[in-house]
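Novice: coords please:
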Amino acid sequence: MFIDHIRILAKAGDGGDGAVSWRREKFVPRGGPDGGDGGNGGKVILVVDNSTDTLRQYHFDPKLIAEDGKPGGGHKKTGKTGRNKIGKVPPGTVVYKTDAATVNEAVEFERSDEGIDLEPIADLIEEGQTFVLCENGIGGEGNFKFRTATNQTPTEHTLGTPGQQAVYYLELRRIADAGLVGFPNAGKSTLLGAISAAKPKVGSYPFTTLQPMIGVVEFGGYRRCTVADIPGLIEGAHENRGLGHEFLRHITRCRVLLFVLDMAGSEGRDPIGDLEILRKEIKEYDEDLAKFPWKVIANKMDLEGSAENLEIFKSRFPKVEVIAISAETGEGLDDLKVMLDSEVSHKAKK
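Specialist: The predicted model follows:
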């Protein structure tokens with residue numbers, strides 16, 4: 001199960017209460033106050049873990065609850081500090097704070113079609129990066145702290161403060177250097193499998209790919225880049241038709257967008273119309289995303305009619321860089337890798 005967005009309840013530990021205690025030993029019947037302070041509660045911390053590639057673990061238990069601090073004791077003993085609660089998240093996780101009060105509201109929200117319009121409070125990208133989701137409560141002071149020259153038997157003490165609690169929305173945006181964008185059955189999955197070691201599901205029916213797949217493309221000189229196969233879009237994706245928002249969020253981090261078109265026009269498709277629709281959907285979803293560098297991958301060049309359609313396409317878009325390939329036969333894949341090496345891996349080092 002691939003989960004790329006979910007709401008969770010996070011609760012930091014409460015601070016332990018300060019103690020009211022008196023020193024009572026043999027020959028010291030009135031030893032004075034010796035109540036210790038309460039321990040601090042644990043924090044809730046998110047940690048980026050490269051070995052995690054989904055938010056699936058929070059689907060089964062959408063709660064991160066840290067341990068409370070222990071109360072103070074006699075003999076000026078400070079209560080034990082509560083343990084932190086660590087939540088692992090994949091690279092590319094964006095964190096939003098919501099106004100929901102309970103995890104039940106969080107689950108209810110996840111099952112609705114409602115959108116979300118909140119400001120992110122954290123963008124977790126690098127391996128090992130941490131973010132404190134909820135600050136801990138502070139332990140209270142024992143009565144030993146309240147002794148004075150005029151008050152040798154204080155009964156005052158303070159209670160521990162509560163830890164922070166809130167419901168957060170986690171959204172995973174896959175990180176890749178290049179994103180393959182196109183309509184269903186354009187050949188994106190076949191292409192990713194041909195240029196990398198990724199093994200995406202390939203079929204002759206729409207929506208074979210239902211989650212983003214990441215492949216690593218190797219070049220010479222220890223250079224490499226990552227390519228994401230984004231599930232096929234349909235017209236109206238920016239309005240969330242066909243799970244459009246589920247898919248579009250994953251290309252917001254790519255350095256370059258590669259529009260994969262069925263240049264043979266199989267299944268009655270028109271490559272020119274397809275590109276116009278895809279560009280429009282990208283712009284309607286995010287105008288900044290539409291400004292990203294982009295190129296066209298003319299796929300299925302081994303099929304009849306593809307050469308003629310390619311000439312017409314180039315005359316319609318003379319300034320667009322087009323790489324003609326056949327993911328099925330391997331034609332043009334070397335040219336595609338040269339372009340990726342130049343566009344992504346070399347520029348990444350500058």
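Novice: from here on, contacts and neighbour counts on C-alpha atoms
Specialist: OK.
Novice: surely Gly73 touches Ser21?
Specialist: Yes: Gly73 is within contact range of Ser21, at 7.3 Å (criterion: CA atoms under 8 Å).
Novice: now the element after the lowest-mean-pLDDT helix or strand in the chain, going C-ward?
Specialist: Ranking every helix and strand in the chain by mean pLDDT, DSSP states H and E puts helix 103-110 at the bottom, with a mean of 50. Next in sequence after helix 103-110, counting helices and strands by DSSP states H and E, comes strand 120-124.
Novice: helices and strands around that next one, which ones?
Specialist: Helices and strands touching strand 120-124, by 3 or more CA pairs under 8 Å, 6 or more residues apart in numbering; DSSP states H and E, are strand 93-97, strand 130-134.
Novice: which residues are contacting stretch 70-85?
Specialist: The contact list for stretch 70-85 (CA atoms under 8 Å, 6 or more residues apart in numbering) reads 12-13, 15-23, 34-45, 64-69, 139, 142, 144.
Novice: got the buried residues for stretch 267-276?
Specialist: Across stretch 267-276, burial judged by 16 or more other CA atoms under 10 Å covers 270-272, 274-275.
Novice: tell me the mean pLDDT for that stretch?
Specialist: Stretch 267-276 shows a mean pLDDT of 90.
Novice: ok, stretch 309-327 next?
Specialist: Averaging pLDDT along stretch 309-327 gives 96.
Novice: end-to-end on it?
Specialist: 17 Å (CA to CA, to the nearest Å).
Novice: check stretch 49-69 too.
Specialist: Termini of stretch 49-69 sit 27 Å apart (CA to CA).
Novice: just how off-centre is that stretch within its chain?
Specialist: Centroid separation for stretch 49-69 versus its chain: 13 Å, with CA atoms, centre = their mean, to the nearest Å.
Novice: give me the buried positions along that stretch.
Specialist: 49, 53-56, 58-59, 62-69.
Novice: go on, stretch 160-179?
Specialist: Those would be 160-179, for stretch 160-179 by 16+ other CA under 10 Å.
Novice: how about low-confidence regions in the stretch 1-150 of the chain?
Specialist: 1-2, 100-117 (pLDDT under 70).
Novice: for the stretch 151-300 of the chain, same thing?
Specialist: 198-211, 232-247.
Novice: need the helices for the protein, in chain order.
Specialist: For the chain, the helices defined by DSSP state H cover 57-60, 103-110, 188-195, 244-248, 271-285, 306-316, 333-340, 346-348.
Novice: just these: most buried one?
Specialist: Mean neighbours per residue, mean count of other CA atoms under 10 Å, is largest over the helices of the chain for helix 188-195, with a mean of 23.
Novice: just the CA coordinates for that one, please, in CSV.
Specialist: Output of helix 188-195 as CSV, limited to C-alpha atoms (Å, rounded to 0.1, in the frame of the first residue of the first chain):
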residue,chain,number,x,y,z
LYS,A,188,6.3,6.2,-19.4
SER,A,189,6.6,3.0,-17.4
THR,A,190,8.2,1.1,-20.3
LEU,A,191,10.6,4.0,-20.7
LEU,A,192,11.6,4.1,-17.0
GLY,A,193,12.3,0.4,-17.1
ALA,A,194,14.4,0.7,-20.2
ILE,A,195,16.7,3.5,-18.9
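Novice: name the helices or strands packed onto it?
Specialist: Right, helix 188-195 is packed against strand 213-218, strand 224-229 by 3+ CA pairs under 8 Å, 6+ apart.
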